[in-house]
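K.L.:
Sequence plus the predicted model coming up.
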Protein chains: 2
Amino acid sequence: MTVVAKPMYQQLKDLIIGRISSGELRPADRVPSENELVEAMSVSRMTANRALRELTDEGYVRRIAGRGTFVSDFRAGSHVLEVQNIADEIEQRGHTHTCEVLRQTLQHARGEVAKALHVEQGSDVFHLMLVHYENESPIQLEDRHIVADFAPDCLLQDFSAVTPSAYLTAISPLQEAEQVVRAAQPNAAVRQRLKMADGEPGLVVMRRTWSHGRPVTFARLHHPGSRYELAGHYTPPGTPKSATADVVELEKLQQ
Amino acid sequence: MTVVAKPMYQQLKDLIIGRISSGELRPADRVPSENELVEAMSVSRMTANRALRELTDEGYVRRIAGRGTFVSDFRAGSHVLEVQNIADEIEQRGHTHTCEVLRQTLQHARGEVAKALHVEQGSDVFHLMLVHYENESPIQLEDRHIVADFAPDCLLQDFSAVTPSAYLTAISPLQEAEQVVRAAQPNAAVRQRLKMADGEPGLVVMRRTWSHGRPVTFARLHHPGSRYELAGHYTPPGTPKSATADVVELEKLQQ
DNA sequence: AAGTGGTCTAGACCACCGT
DNA sequence: CGGTGGTCTAGACCACTTT
């Protein structure tokens, strides 16, 4: 534990991030202005400006000259993952998303899941299993575990209306994610749920997501290989977007 | 064309990025110090500081107090793509990478490739086809097209020694990437090259990469589903790394 | 000792937005 | 009009590295 004083602008950032993370400041809420920070915290305006500017760069807040600074509505195709929520993804394609809940239970974490979520064996975790449909066609079987104390009211949610992903990001911004993508032949139960043809390969995404420095959810997402693909776009920070959004073209490039 | 004066700090950034992109400043070269910029460009030190600080955040340069500011050795697991170079990836696993070149030719861009690379039909493009091995086991068939004028000496390269990816990033930092991942049954020729079992699904990555605002290369990467998976880690800028690098654990989480 | 980056201040001017 | 953010200045002090 170093006791060194952190730079003032960093303290200001931490303060505001803390208020956002704790829920004291909610999306679209107004954040103290530069002048307010100057008075309240006894700093110069350049220091307050730097703190708020960096929070903007990091996606925590939006700033509008003449209006003020406001908490970002986290997740909106924003920072962490391109598309975290399959319902949004489907709607962006102009299709309709529906969802069938197969399981919504409280369980004790077994070996692999406990390890992935960094909790003790036997700890409480919620287990969700749902099928997502794009225009009546199943495109994802979501098999998700959630650390229980992160989302205490999980069993009360109607996940056919709000996806687990949307629910979780509403609780607290998911700040870090890790995923592994794999092609595999799913087992018979999964094949049936996803209406996959014999021999059709499956795309499996295993995704673990962090909030406040600890893993809170782990999901296995099974997709039919013929009806789903994963698109990503990577831009180094600071470079706006030179690429026109013609990802669609790429999708047509069959071998 | 807006004739509005860009902010001074942005002009300084553009100036330095230009020198890096053009090759005038190479990795590890020293960048003008704040004081030198103050004198040369007639700005205040805070402005020069902001320009250099943002270039640091964006990964263009490293700064060492007392020493100076230096151009980053681009790509080292850094910003754009987690792992762009399969040889590095294999070596990080402690395995040996070898590579067999199947094709290295100059061609005229046909329909799909021309469209993906934003060049005229019939333009010159290089076509590479290679198989990458991890300890004698084939794990990737790389089918790549490169805009000819981006890499004029492409036919002279020995790609069994330096991967196309390493070669391309050496020419110029690849600044933007777009990829689509898909599970599919590859055709017989691909299956044979990758020594895939009957019915084994394949993982296909189609990746297009930009440099200086234009697409310069387009690759189809075929992998055997049983021997390869794609891992990614996403952190919002500004958040260091709370997650310990235990991606390995995730890989063991079989269904 | 001289140069570097890291931070901070107390002013300033501007464009914009709301009332 | 006053408040907001966006930028910039000309100083300053500090810790650090190199000579």
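P.N.:
On my side now, so go ahead.
K.L.:
Please report phi then psi for residue A:183.
P.N.:
Main-chain torsions, residue A:183, degrees, to the nearest 10: phi -100, psi 130.
K.L.:
For it, list the residues it contacts.
P.N.:
By Cβ atoms under 8 Å, 6 or more residues apart in numbering or on different chains, the contact set of residue A:183 is A:201-204, A:225, B:183-184, B:201-203, B:223, B:225. (C-beta placed from N, C-alpha, C; glycine too.)
K.L.:
Quick check: chain neighbours aside, which residue is closest to it?
P.N.:
In this structure, residue A:183 finds its nearest non-sequential neighbour in residue B:225, 3.4 Å apart by Cβ to Cβ, 6 or more residues apart in numbering or on different chains.
K.L.:
can you check residue A:19 too?
P.N.:
Counting by Cβ to Cβ, 6+ apart, residue A:25 is the residue found nearest to residue A:19 once chain neighbours are left out, at 4.4 Å.
K.L.:
Same question for residue A:46.
P.N.:
residue B:46 (7.4 Å).
K.L.:
Could you tell me whether that neighbour really is in a helix?
P.N.:
Yes - if the criterion is DSSP: H, G, I helix; E, B strand; the rest coil, then residue B:46 is within a helix.
K.L.:
Could you dump the contacts of residue A:183 into a markdown table and include distance to residue A:178 and pLDDT?
P.N.:
Putting those into a markdown table (distance: Cβ to Cβ, whole Å; pLDDT from 0 to 100) gives the following:
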| residue | distance to residue A:178 | pLDDT |
| --- | --- | --- |
| A:201 | 23 | 95 |
| A:202 | 20 | 96 |
| A:203 | 17 | 95 |
| A:204 | 15 | 95 |
| A:225 | 23 | 94 |
| B:183 | 20 | 94 |
| B:184 | 25 | 93 |
| B:201 | 23 | 95 |
| B:202 | 24 | 96 |
| B:203 | 18 | 95 |
| B:223 | 20 | 96 |
| B:225 | 20 | 94 |
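K.L.:
Now for those residues: which two are most distant?
P.N.:
Farthest pair in the contacts of residue A:183 (Cβ to Cβ) is A:202 and B:223. Separation: 14.7 Å.
K.L.:
rewinding a little: verify the contact between the residue nearest to residue A:46 and residue A:49 for me.
P.N.:
No - contact between residue B:46 and residue A:49 fails when scored by Cβ atoms under 8 Å: they sit 10.9 Å apart.
K.L.:
Between those two, tell me which one has more neighbours.
P.N.:
Using other Cβ atoms under 10 Å in any protein chain shown, the more surrounded residue of residue B:46 and residue A:49 is residue A:49, with 16 against 12.
K.L.:
Pull up the gap between the nearest residue to the more buried one once chain neighbours are set aside and chain B, please.
P.N.:
Distances taken as Cβ to Cβ, 6+ apart put residue A:34 closest to residue A:49, at 5.5 Å, once the chain neighbours are dropped. For residue A:34, the distance to chain B equals 16 Å [Cβ to the nearest Cβ, to the nearest Å].
K.L.:
Residue A:34: how many residues sit nearby?
P.N.:
The burial count assigned to residue A:34 is 21, neighbours taken as other Cβ under 10 Å.
K.L.:
Touching, it and residue A:48? I think so.
P.N.:
Yes - contact criterion Cβ under 8 Å: residue A:34 and residue A:48 qualify, at 4.4 Å.
K.L.:
Residue of chain A nearest DNA strand C, please.
P.N.:
DNA strand C sits closest to residue A:66 of chain A, with a gap of 2.4 Å, by Cβ to the nearest atom of the strand.
K.L.:
circling back: next, the residue nearest to residue A:19: secondary structure please.
P.N.:
With three-state DSSP as the criterion, residue A:25 reads coil.
K.L.:
re the thing from before, neighbour-wise, which of residue A:202 and residue B:223 wins?
P.N.:
residue B:223 (27 against 24).
K.L.:
what sits against that one?
P.N.:
A:183, B:139-141, B:194, B:202-205.
K.L.:
possible to save those residues as JSON lines with secondary structure and distance to residue A:115?
P.N.:
Converted to JSON lines, those look like this (DSSP: H, G, I helix; E, B strand; the rest coil; distance: Cβ to Cβ, whole Å):
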{"residue": "A:183", "secondary structure": "strand", "distance to residue A:115": "24"}
{"residue": "B:139", "secondary structure": "strand", "distance to residue A:115": "26"}
{"residue": "B:140", "secondary structure": "strand", "distance to residue A:115": "29"}
{"residue": "B:141", "secondary structure": "strand", "distance to residue A:115": "34"}
{"residue": "B:194", "secondary structure": "coil", "distance to residue A:115": "31"}
{"residue": "B:202", "secondary structure": "strand", "distance to residue A:115": "29"}
{"residue": "B:203", "secondary structure": "strand", "distance to residue A:115": "25"}
{"residue": "B:204", "secondary structure": "strand", "distance to residue A:115": "30"}
{"residue": "B:205", "secondary structure": "strand", "distance to residue A:115": "28"}
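K.L.:
nearest to residue A:177, of the contacts of residue A:183?
P.N.:
residue A:204 (15.9 Å).
K.L.:
From residue A:187, how far off is that closest one?
P.N.:
Residue A:204 is 11 Å from residue A:187, where distance means Cβ to Cβ, to the nearest Å.
K.L.:
List the buried residues in the helix or strand residue A:10 falls within.
P.N.:
For residue A:10, the enclosing helix or strand under DSSP states H and E is helix A:8-21. Across helix A:8-21, burial judged by 16 or more other Cβ atoms under 10 Å in any protein chain shown covers A:8-9, A:12-13, A:16-17, A:19-20.
K.L.:
Going by distance to DNA strand D, which of those wins?
P.N.:
The closest of those, once distances to DNA strand D are taken by Cβ to the nearest atom of the strand, is residue A:16, at 11.2 Å.
K.L.:
So the closest one is in contact with residue A:31, correct?
P.N.:
Yes - counting by Cβ under 8 Å, residue A:16 does reach residue A:31; the two are 6.1 Å apart.
K.L.:
what do those two both touch?
P.N.:
A:25, A:52, A:55, A:61.
K.L.:
contacts with DNA strand D among the residues you listed, please.
P.N.:
Restricting the shared contacts of residue A:16 and residue A:31 to those near DNA strand D by Cβ under 7 Å from any atom of the strand leaves residue A:52.
K.L.:
got the shared contacts of residue A:16 and residue A:31 as a markdown table, with distance to DNA strand C and secondary structure columns?
P.N.:
Converted to a markdown table, the shared contacts of residue A:16 and residue A:31 look like this (distance: Cβ to the nearest atom of the strand, whole Å; DSSP: H, G, I helix; E, B strand; the rest coil):
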| residue | distance to DNA strand C | secondary structure |
| --- | --- | --- |
| A:25 | 20 | coil |
| A:52 | 13 | helix |
| A:55 | 14 | helix |
| A:61 | 17 | strand |
